[in-house]
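[1] What follows is a predicted structure for the sequence shown.
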Amino acid sequence: MVSVFAALLLIGIKLGTGIATGSLAFISEAIHSGTDLVAALLALFAVSVAARPADRTHSYGHGKAEHLSALAEGAVLAAVSIWIAVIAIQALVGDGHQVNAAWWAIGVALLVMVIDAVRAVTLMRAARRFSSAALKGSALHFASDLAGTTAVLVGLLLVRAGVEWADAAAALLVSVLVLGAAGRLMRENVDVLMDRVPDADEAAVRAAVEGMGPAVELRRLRMRSAAGRAFADVVIGVPPGEAVGRGHALADEVEDAIEAAVPGADVVVHVERREGDEEDIAERVLAVAHEVPRVREIHNVRILDLESGMEASMHLKLPADTPLTAADAVARDVEAAVVAAVPGIARVHCHVEPLGRPDTARELSDDAATERAVRALIEAECGRAPHEVRLVHTGEGLVAYVTLALGDASLASAHDTGGRVRRLIREGVPGVEDAFVQSRP
């Protein structure tokens, strides 16, 4: 709105001064401001359209309205600058024209320069704040106005010094400045409308994804931009043994990394399983088997390298009430899927077993003597009290659930200590059938 009112004011000032003094440069600047008025109105319309949220027919939003507006502004600027140049050249090669370079005309030029500077700075700040192509286009218009008015001022001063052709030369310079600004503006916005890849954003995205380490392989990256916002379509490869949940988590991490590198980016990530000779065959077999419908759990995957080729064996778990015919069908599906998807596997053996049901158990809170014995044994072995000791009565007897406090021990050391504690509890605490031991810092 500031741009619209400023353009109206400047058209009146420049046109009135140009007619009163006979200055071709001032009249050309008035016409230039007329194009600014059109540009400001286009920008006002474009910004209001671009602000609309995405809908069914515009799933990427309406941001390109700004670039269409900026392209139209550039075309109008180019046409007007060529017209001004033709008139200025005719004046230079002809008999020239009379210009009244009065002092007040110079004062008007200085006033116009102040207005141009204020509105150009105001719009450029807004364009940077909102990443708006339309506002940037208007700011460039007004910056070229400032340069053009400077040329008008210099032309008037030279006319006062006796250089009669200086006003036409100033008008020609204005047209060249405007044409250059129009060309840059049109090129930038044609790039956006043609979905040219934003080089700086693409480099930042590639660096962000490739910096995530070997767990993520960047397979394909497509980028475009509109209204200052980047859009990225990313395909990543993850190790074949990764579960679905972990693959989803890696996709989230990729999105976060890209948005950190290119703030405000709209990111879509597709996850694919990585293939390659360097990958572990067992992991690939496990990944393929997990994709077969109705498979609930897989363990004990083994790969045998026989003279006739490689064979895979595994244990599949299905719900206990699954009919044998249905379980056999799942096993055959797994066997066929692995043979088809994993090169080198000639045969697959599937052992099907039921999923275990939860055991009934109850926690004991009144066996203080047994708990004290367990704690004493742990303190003697580890040199410090455990975090927790719980006694649970299960179908197999009394089980001690203990959590050791092992400070900053290595994982190998903690594992060995846990094994010793379990064995000591089973052998040294009467009534305890087994122990479940976990280690914490």
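    Great, that's in hand.
[2] Can you find the helix or strand in this structure with the smallest mean pLDDT?
    One helix or strand of the chain scores below all others by mean pLDDT, DSSP states H and E: helix 24-50, with a mean of 68.
[3] Quick check: buried residues in the helix or strand following that helix?
    Counting by DSSP states H and E, the element after helix 24-50 in chain order, helix or strand, is helix 64-93. For helix 64-93, burial by neighbour count (16 or more other CB atoms under 10 Å) applies to 64-74, 76-78, 80-81, 84-85, 87-88, 91. Every C-beta, even on glycine, is put in place using the N, C-alpha and C of the backbone.
[4] Then stretch 429-441?
    Buried-residue list, stretch 429-441, by 16+ other CB under 10 Å: 429, 432, 435, 437, 439.
[5] The nearest residue to the last one once chain neighbours are set aside is in what secondary structure piece?
    Using CB to CB, 6 or more residues apart in numbering and skipping residues adjacent in sequence, the residue nearest residue 439 is residue 414, 4.0 Å away. In this structure, residue 414 sits in helix 411-428 according to DSSP H and E.
[6] For that helix, name the packing helices and strands.
    Packing partners of helix 411-428 (3 or more CB pairs under 8 Å, 6 or more residues apart in numbering; DSSP states H and E): helix 368-382, strand 397-405, strand 432-440.
[7] so which of the ones you listed gets nearest residue 284?
    strand 432-440 (31.2 Å; CB to CB).
[8] Can you spell out which helices and strands pack onto the closest one?
    helix 368-382, strand 397-405, helix 411-428.
[9] Show me the contact partners of it.
    Contact with strand 432-440 is made by 370, 374, 387, 391, 396-406, 409, 414-415, 417-419, 421-422, 425-426, as judged by CB atoms under 8 Å, 6 or more residues apart in numbering.
[10] Hey, what's the angle from that strand to strand 397-405? Just curious.
    Strand 432-440 and strand 397-405 are oriented at 20 degrees to each other (axes from the mean of the first three to the mean of the last three CA atoms, to 10 degrees).
[11] Tabulate the CA atom coordinates of strand 432-440 in PDB.
    In PDB, the C-alpha atoms belonging to strand 432-440 read as follows (Å, rounded to 0.1, in the frame of the first residue of the first chain):
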ATOM      1  CA  VAL A 432      15.300 -68.400  43.700                       C
ATOM      2  CA  GLU A 433      15.100 -70.400  40.500                       C
ATOM      3  CA  ASP A 434      16.500 -67.700  38.100                       C
ATOM      4  CA  ALA A 435      17.600 -64.100  37.900                       C
ATOM      5  CA  PHE A 436      17.100 -61.500  35.200                       C
ATOM      6  CA  VAL A 437      20.000 -59.000  35.400                       C
ATOM      7  CA  GLN A 438      20.300 -55.600  33.700                       C
ATOM      8  CA  SER A 439      23.100 -53.100  34.100                       C
ATOM      9  CA  ARG A 440      22.900 -49.300  34.400                       C
END
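[12] Just want the angle from that strand to helix 411-428.
    Relative orientation of strand 432-440 and helix 411-428, computed by the same axes, to 10 degrees: 160 degrees.
[13] burial measure for residue 282, as a count.
    When counting by other CB atoms under 10 Å, one arrives at 16 neighbours for residue 282.
[14] residues near residue 116, how many?
    Other residues within reach of residue 116, judged by other CB under 10 Å, total 25.
[15] surely it meets residue 140?
    No. With contact defined as CB atoms under 8 Å, residue 116 does not count as touching residue 140 (11.8 Å).
[16] Now do stretch 266-281: distance from first to last residue.
    Using CA to CA, to the nearest Å, the end-to-end distance of stretch 266-281 comes to 36 Å.
[17] right, so of the helices and strands packed on helix 411-428, which gets closest to residue 150?
    Evaluated with CB to CB, those place strand 432-440 nearest to residue 150, the distance being 73.4 Å.
[18] Name the strands paired with the closest one and say parallel or antiparallel.
    strand 397-405 (parallel) (DSSP bridges).
[19] Any chance you could list what contacts the strand it pairs with?
    Applying CB under 8 Å, 6+ apart, the contact partners of strand 397-405 are 364, 370, 374, 378, 382, 384-393, 414, 417-418, 421, 425, 429, 431-441.
[20] Quickly note the distance from residue 332 to residue 362.
    According to CB to CB, to the nearest Å, residue 332 stands 42 Å off from residue 362.
[21] Please identify the most buried of the helices and strands packed on strand 432-440.
    strand 397-405 (a mean of 19; mean count of other CB atoms under 10 Å).
[22] on that earlier part again, verify the stated contact: the residue nearest to residue 439 with residue 408.
    No. Using CB under 8 Å, residue 414 is not in contact with residue 408; the gap is 9.9 Å.
[23] got any residues that touch both of those two?
    Common neighbours of residue 414 and residue 408 (CB under 8 Å, 6+ apart) do not exist.
[24] Show me the helices in the protein, by range?
    Remark: helices assigned in the chain by DSSP state H are 2-21, 24-50, 64-93, 103-130, 133-160, 166-193, 199-210, 244-261, 281-290, 324-341, 368-382, 411-428.
[25] What count of nearby residues applies to residue 365?
    Count around residue 365 with other CB under 10 Å applied: 9.
[26] typo on my end, residue 353
    Residue 353 has 13 neighbouring residues, counting by other CB under 10 Å.
[27] check contacts around it.
    Counting by CB under 8 Å, 6+ apart, the residues that residue 353 touches are 315-318.
[28] Also residue 14?
    26-27, 29-30, 33, 108, 112.
[29] would a markdown table of these with distance to residue 6 be doable?
    Converted to a markdown table, the contacts of residue 14 look like this (distance: CB to CB, whole Å):
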| residue | distance to residue 6 |
| --- | --- |
| 26 | 17 |
| 27 | 19 |
| 29 | 14 |
| 30 | 14 |
| 33 | 9 |
| 108 | 15 |
| 112 | 10 |
